[in-house]
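# turn this into a model:
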Amino acid sequence: IGEHAIMSARHSIARSISLLWGCGLAALAQAAGTDGGPLLLPDTLVISSSTYDPNVGAVASLQVGSTLAGTDKATSVAVSDNNYVTVWNNTTPDASFGVTSPIILTDVDPQSGHALHRLQVPTDQVVTSFSSKSELALHFQRSKGGPSLTLVGYAGAGVGALDVSNADAVPGQDPTNPVTVAFGSDYAFHRTIVALDGQDHFSYTPTVDFGGDNGRSALLGSNGLYYAVGNSNNGNADTFGSSNGTNPDVTVTTGLEVVNPIDGDSVSVTIPTDNSAEVDPYLQYPLDKGGLDKAGKDNNFRGVAEFAGALYFTKGSGSNGVDTVYTVIDTAPPAEGTDAAVPTTGSLPTAGNVLPTVAAAGNVSVSVVNGFPTDSARTTSGDYTPFGLFFANDQTVYVTDEGTGGTDDLYNTKAVTPHAGLEKWSLVDGTWQLDYTLTAGVIGDVDTDLVGYAGEYPDVTTIGMRNLAGRVNKDGTVTLWAVTSTSSASGDNGADPNRVVEITDELAATSLTGAVARESFRTIAGPTYGTVYRGVAYVDDDEHDDGRLRDAGRTQDAHGHDGIGSGPQRVRVGT
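Here you go, the predicted structure:
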């Protein structure tokens, strides 16, 4: 990107360094310790966020009447300029509308609430899309190579580019993609896995996957392979195979992808042929209403986790497929063109649950985890809309629910749905069952008076939760952090100022009674005008760490307090 873009991005970072923390009346302070590293300190929480910048790239010159993507046959025109409050109304003429923005990682001490460090992914390498609400999940893992944090973004787009999240992944991939029609066949961006190591070094694994839509989440498996989930097919590809007119085929470069790590120093590295492959690529469920779903859409996966050598992942959006929790089993999938029955299986990691390789991805099956919903999203509007997963042990899993079930209206104010919040599931006689849903202190809350440089943002209601992280404590409790989902009268709820919240639950409890009934979420971050929070990851204690690494990353103020203050606090990354 150009010098002006770099300077503007740095200005955005400087604004993002302001942290606001507190319960009730909050106090504004500057973050200390944000210029040093490393970011991945043991026993800390990493939060991913992004701040909208109207002053950089194509969005800086966006005006009413500017050309946008429309349908596969025609372009559309903008109905708003780049004003943060109104720009999202452009989703009406352009369903692909979005604006690229920087990826910010902030490290927080979960005990004291102090912000320790902040780091930006280089914007000349990878960015995210504002307001794609399902992006920027974080996964922390330890391997032989050391600690690593992974996420997914867009290579080469820079800040302020339009409609990148629905552009092709490879130039000329899909001539029917509305973004390609509007901006040309070369307007394409590799969905790229970004890895951050313990020395604050970024490495990049670009892919040819998720063309026409977005990669949501990626983790480094215990076998050394990357596993990524996402969506694809923004055009008219309605059949599997090369005959649908896309190259690479958007219907089989989506869902759950197995990716061989490249881990280059830049996104300009060459992608080897067949470097990734989709698990169960021809997944397509029969429906009670009409014909089959659009090819490649029944595996519109959003969250992913590995537990005890098995993969678990979720689908919770779109009027297609089954919104539920899935795993991978060592069973051959149905052949291409065969209607697949909704599968069920035992859900504990066993010999039947596998971490597939690139070569074996097409020879294993996606399967609904036993006990989780099996109803068609189209026929029921999705009673559950699962997103994030955290296994506390082999008998207990927490699942966030986005709260968008039971409605076809994704962009306007909607009521809180029955399963919205943080669900707790227990394994009973080989079947998972829902114990209760935690909602107190956050679900249904309305944030008002969200006023900033572009005017007042519409009131925002918290309706559910997305990405999730957790830590099992020695006292028999589990602490969980989640990113909230929202509803407002804005043009796109993905642009809403949202929150990061925390709760501690009794691990052994199976009913919402007694002390559990009094558990309540507290806000850790947000809402922050112009900023969205996307992912959370807990950096676990390294058994060889003696505390010096973490303490070395802190600074103290004149009163001897670490970071930005003392006591329970709430952080804002942005202004």
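# drop to CA atoms for contacts and neighbour counts, all remaining ones
OK.
# right, and T417 touches T385 too?
No. If you go by CA atoms under 8 Å, T417 and T385 don't touch, sitting 9.7 Å apart.
# who has more neighbours, those two?
Neighbour tally, T417 and T385, criterion other CA atoms under 10 Å: the higher count belongs to T385, 31 against 21.
# excluding residues flanking it in the chain, which one is nearest that one?
The shortest distance from T385 to any residue other than its chain neighbours is 3.9 Å, reached at G316 (CA to CA, 6 or more residues apart in numbering).
# distance-wise, check that neighbour relative to F210.
17 Å (CA to CA, to the nearest Å).
# do the same with Y154
Relative to F210, and taking CA to CA, Y154 is found at 11 Å.
# between the two, what contacts are shared?
Listed as contacting both Y154 and F210 by CA atoms under 8 Å, 6 or more residues apart in numbering are R191.
# which of those two has more neighbours?
Using other CA under 10 Å as the criterion, Y154 and F210 rank with F210 on top: 34 against 28.
# check contacts around that one.
Residues near F210 by CA under 8 Å, 6+ apart: A169, R191, G230, N231, S232, N233, V250, T253, T254, G255.
# helix, strand or coil for G362?
At G362 the chain is in helix, as set by DSSP: H, G, I helix; E, B strand; the rest coil.
# you'd agree it is up against E278?
Yes. Contact criterion CA under 8 Å: G362 and E278 qualify, at 6.7 Å.
# compare those two (neighbour count), which wins?
E278 (26 against 18).
# which residue is the nearest non-sequential neighbour of that one?
Per CA to CA, 6+ apart, closest to E278 is E257, 4.4 Å.
# after the helix or strand of the chain with the lowest mean pLDDT comes which helix or strand?
In the chain, the helix or strand scored least confidently by mean pLDDT, DSSP states H and E is strand 27-30, which has a mean of 25. Sequence order places strand 44-51 as the next helix or strand after strand 27-30, per DSSP states H and E.
# buried residues in the helix or strand just after that following strand, which are they?
Downstream of strand 44-51, the next assigned helix or strand under DSSP H and E is strand 67-69. Buried residues in strand 67-69, counted by 16 or more other CA atoms under 10 Å: L68, A69.
# so what strands line up beside strand 67-69?
Applying DSSP bridges to the sheet, strand 67-69 is found paired with strand 75-77 (antiparallel).
# after the partner strand, which helix or strand is next?
Immediately after strand 75-77, counting by DSSP H and E, sits strand 99-101.
# for that next one, which outside residues touch it?
Against strand 99-101 from outside (CA under 8 Å, 6+ apart): 50-53, 59, 127-131, 157-164.
# same question, stretch 446-465
Stretch 446-465 has contacts (CA under 8 Å, 6+ apart) with 83-85, 387, 400-404, 415-417, 420-422, 442-445, 482-490, 496-498, 527, 529.
# only whichever of those are buried, select them in PyMOL.
With 16+ other CA under 10 Å as the burial test, the buried ones among these are selected in PyMOL as follows:
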select buried, resi 83+84+85+387+400+401+402+403+404+415+416+417+420+421+422+442+443+444+482+483+484+485+486+487+488+489+490+496+497+498+527+529
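# next step: the contacts of stretch 446-465 restricted to strands.
In this view, those that belong to strands under DSSP state E are F387, T400, D401, G421, L422, A482, V483, T484, S485, T486, S487, S488.
# quick check: the farthest pair among those residues?
The distance between the two most remote of the ones in strands among the contacts of stretch 446-465 (CA to CA) is 20.8 Å, for L422 and S488.
# so, low pLDDT: which residues of the chain?
1-37, 287-290, 334-352, 379-382, 405-416, 542-575 (pLDDT under 70).
# which residues does the residue nearest to E278 bridge with?
A228, E278.
# name the nearest residue to T251, sequence neighbours excluded.
Spatial nearest neighbour of T251, excluding adjacent residues (CA to CA, 6+ apart): G296 at 4.3 Å.
# that neighbour belongs to a helix?
No. G296 sits outside any helix when classified using three-state DSSP, being coil.
# still on that earlier bit, report the two of the contacts of F210 separated the most.
Greatest spacing in the contacts of F210, by CA to CA: A169 and G255 (14.5 Å).
# now do the SS call for T180.
Here T180 is recorded as helix under three-state DSSP.
# still on that earlier bit, number of residues surrounding the residue nearest to T385?
G316 is flanked by 29 other residues according to other CA under 10 Å.
# right, and it touches R302 too?
Yes. Between G316 and R302 there is a contact at 7.1 Å, judged by CA under 8 Å.
# any shared contact partners between those two?
The contact sets of G316 and R302 overlap at F387 (CA under 8 Å, 6+ apart).
# specify the beta-bridge partners of the nearest residue to G70 once chain neighbours are set aside.
Spatial nearest neighbour of G70, excluding adjacent residues (CA to CA, 6+ apart): S76 at 4.6 Å. Beta-bridge partners for S76, by DSSP bridges, are L68.
# what's near enough to touch S76?
T67, L68, A69, G70, P93, D94.
# repeat that for S520.
L438, T439, A440, G441, V442, I503.
# which SSE is L196 in?
Assessed by DSSP H and E, L196 sits inside strand 191-197.
# give me the neighbour count for A508.
12.
# test my guess that it contacts G476.
Yes. In this structure, A508 is within contact of G476 by CA under 8 Å, at 7.3 Å.
# just the CA trace of stretch 373-380, in CSV.
Listed next in CSV are the C-alpha coordinates belonging to stretch 373-380 (Å, rounded to 0.1, in the frame of the first residue of the first chain):
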residue,chain,number,x,y,z
PRO,A,373,-30.1,-30.7,16.2
THR,A,374,-30.8,-32.4,12.8
ASP,A,375,-33.7,-30.2,11.5
SER,A,376,-33.4,-28.5,8.2
ALA,A,377,-32.6,-24.8,8.5
ARG,A,378,-35.0,-24.0,5.6
THR,A,379,-38.0,-25.8,7.1
THR,A,380,-37.6,-24.5,10.7
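# can you point out the buried residues in it?
The neighbour-count check on stretch 373-380 (16+ other CA under 10 Å) flags P373, T374, D375, S376, A377, R378 as buried.
# and N166, how far from R191?
The spacing between N166 and R191, counted by CA to CA, is 11 Å.
# please apply the same query to V539.
Distance from V539 to R191, by CA to CA: 25 Å.
# more crowded one of these two?
Neighbours around V539 and R191, counted as other CA under 10 Å, are more numerous at R191. The numbers are 30 against 25.
# ok, now which ones touch that one?
Residues in contact with R191 (CA under 8 Å, 6+ apart) are 152-155, 169, 206-211, 214-215.
# who wins on neighbours among the residues you listed?
Most surrounded of the contacts of R191: other CA under 10 Å gives G211, at 36 neighbours.
# hang on, that one packs against D168?
Yes. With contact defined as CA under 8 Å, G211 counts as touching D168 (4.5 Å).
# on that earlier part again, overlap of the contact sets of N166 and R191?
Residues touching both N166 and R191 (CA under 8 Å, 6+ apart): G211, N214.
# what ranges do the helices span in this protein?
Using DSSP state H, the helices of the chain run over 3-16, 178-183, 377-380, 548-552.
# show me what the second one is packed against.
In terms of contacts (3 or more CA pairs under 8 Å, 6 or more residues apart in numbering; DSSP states H and E), helix 178-183 is packed against strand 67-69, strand 75-77.
# and S511, what does it touch?
D435, Y436.
# from L427, how far out is it?
Per CA to CA, S511 is found 14 Å from L427.
# repeat for D186
49 Å.
# so those two - more neighbours on which side?
The neighbour count for D186 versus L427, taken as other CA under 10 Å, is higher for L427 (18 against 14).
# now do the strands in the stretch 251-400 of the chain.
For the stretch 251-400 of the chain, the strands defined by DSSP state E, counting those that start in this stretch cover 255-259, 276-278, 304-307, 310-315, 324-329, 344-345, 365-369, 386-393, 396-401.
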